[in-house]
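1. Sequence and computational prediction follow.
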Amino acid sequence: MSASFNIQSSTGEYSVTVEAGAWTRWVAEKASASVVADAFFQPTYPTVGTGPLFVEAVETNKSLEASPALIEQMRRSGANRSTELVAVGGGIIQDLSAFIASVYMRGLRWTYVPTTVLAMVDSCIGGKSSINVGPYKNLVGTFHPPQQVLIDPEFIQTLPVDQRASGLIEAVKICFCRGEEAFDKHLSFSPSTSMPSDRLEGVIINSLLAKKWFIEVDEFDKKERLLLNFGHTFGHAMEGASHFAISHGIAVGLGIECAIAYQQNSGVDYSAVTRVARLRSHLSEMIRSDAGLSEQLRKLSVEDVLERFVSDKKHGKDFYALILIAHDGSVVISKEPRTESTLSAVRRAVEQIVEAYA
């Protein structure tokens, strides 16, 4: 089920190709490019061209502080304004590479080869880079779309269960936000952490086509695309408070659960909204597939979660910006008053979800 389609952006059109087993061919085609790759692939990376610059895919390397070292390596390797940068890896490698491609000699063409489910179904399109600064997650970044996105679903074979679950959580989030048709189609693939790569292709294509709508109508995150932050305000806080021991997608799943609990505690009744029940059932299966999660949640400091929640960059001076599910099951942007009462409600929701999954 290979597929190819284009994404429209302010800087022009870029292509997305999904093709199982194409990785070896793509490596040969990009032999002259400057490659930044996840160090995980160093033992098996094909020997072509000058070889990649390998980077360990850890949060500390996705930072403003770590970027100069990679820029210096690229300069020493001879990268110039006409060089194409190719990024091979998951979200950390993508963010770091996209950021550097946007600023190196005022901008390089770049191609992305995502190797995690999360990157394949979500972050590979949209053109955003997000870089950590000190303790602040994703505080700086740029919009710099790639020239190409090349997706080989067979990379799923390299991934542990929690990373597969992380990607499937992001995919169901996108599809739920897009509407009934995309959500129903996602669930029709019976997504699971053990699904084979050929069935994963359908999940990837459906998720990216759903996200394509958001990024083409709102490329710069001003209105509709903001809905894709569903689960992220709570989730980023939990992810950071765990010192990233909880993976991003699992944290987003927990964050969606927190958002639902927050609404239910304020009196929202979802009992007649079947799509919410179906979402929660799928999220529960994905979240609980992470065998090490309960231990991480037992060690989690709720105070730390709240501190990180309060400092989220999406909030305003007088409000907390939350993506919530309305009474009818639609996803909405809500500006909750920045009061102690609201923060107490946030605390209660976080404590409930931590207790439920610990």
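-> Arrived safely, thanks for sending. Residues are numbered from 1 along each chain as shown.
2. Show me where this protein dips below the pLDDT cut-off.
-> Within the chain, the stretches with pLDDT under 70 are 1, 49.
3. how about the nearest residue to the residue nearest the centre of it, chain neighbours excluded?
-> Against the mean C-alpha coordinate of the chain, by CA atoms, centre = their mean, the closest residue is Ser123 at 5.0 Å. Distance criterion CB to CB, 6 or more residues apart in numbering; nearest residue to Ser123, sequence neighbours excluded, is Gly91 at 5.1 Å. (Glycine included, C-beta is placed from N, CA and C.)
4. Surely the one you found touches Gly126?
-> No - taking contacts as CB atoms under 8 Å, Gly91 lies outside contact range of Gly126: 11.7 Å.
5. Could you count how many residues lie near the residue lying closest to Ala241 once chain neighbours are set aside?
-> Excluding its sequence neighbours, the residue lying closest to Ala241 (CB to CB, 6+ apart) is Asp304, at 4.0 Å. Neighbours of Asp304 under the rule other CB atoms under 10 Å: 15.
6. element containing Asp304, please.
-> Using DSSP states H and E, Asp304 falls within helix 302-310.
7. buried ones in that helix?
-> Val302, Val305, Leu306, Arg308, Phe309 (16 or more other CB atoms under 10 Å).
8. Show which residues not belonging to the helix or strand just after that helix make contact with it.
-> For helix 302-310, the succeeding helix or strand toward the C-terminus, using DSSP H and E, is strand 319-325. Contacts to strand 319-325, defined as CB atoms under 8 Å, 6 or more residues apart in numbering, come from residues 226-227, 229-233, 259-260, 262-263, 268, 270, 273, 276, 309-310, 312, 314-315, 331-338, 342, 346.
9. So Pro145 belongs to a strand, correct?
-> No - assessed with DSSP: H, G, I helix; E, B strand; the rest coil, Pro145 is coil; it does not lie in a strand.
10. wait, doesn't it sit right on Gly127?
-> Yes - using CB under 8 Å, Pro145 makes contact with Gly127 at a distance of 3.4 Å.
11. So between these two, which is more surrounded?
-> The neighbour comparison of Pro145 against Gly127 (other CB under 10 Å) goes to Pro145, with 23 against 19.
12. check contacts around the more buried one.
-> When contacts are counted by CB under 8 Å, 6+ apart, Pro145 touches Ile7, Ser9, Thr11, Gly12, Tyr14, Gly126, Gly127.
13. The chain: strands as residue ranges?
-> 3-9, 12-18, 34-38, 53-55, 84-89, 109-114, 131-133, 136-140, 148-151, 319-325, 331-337 (DSSP state E).
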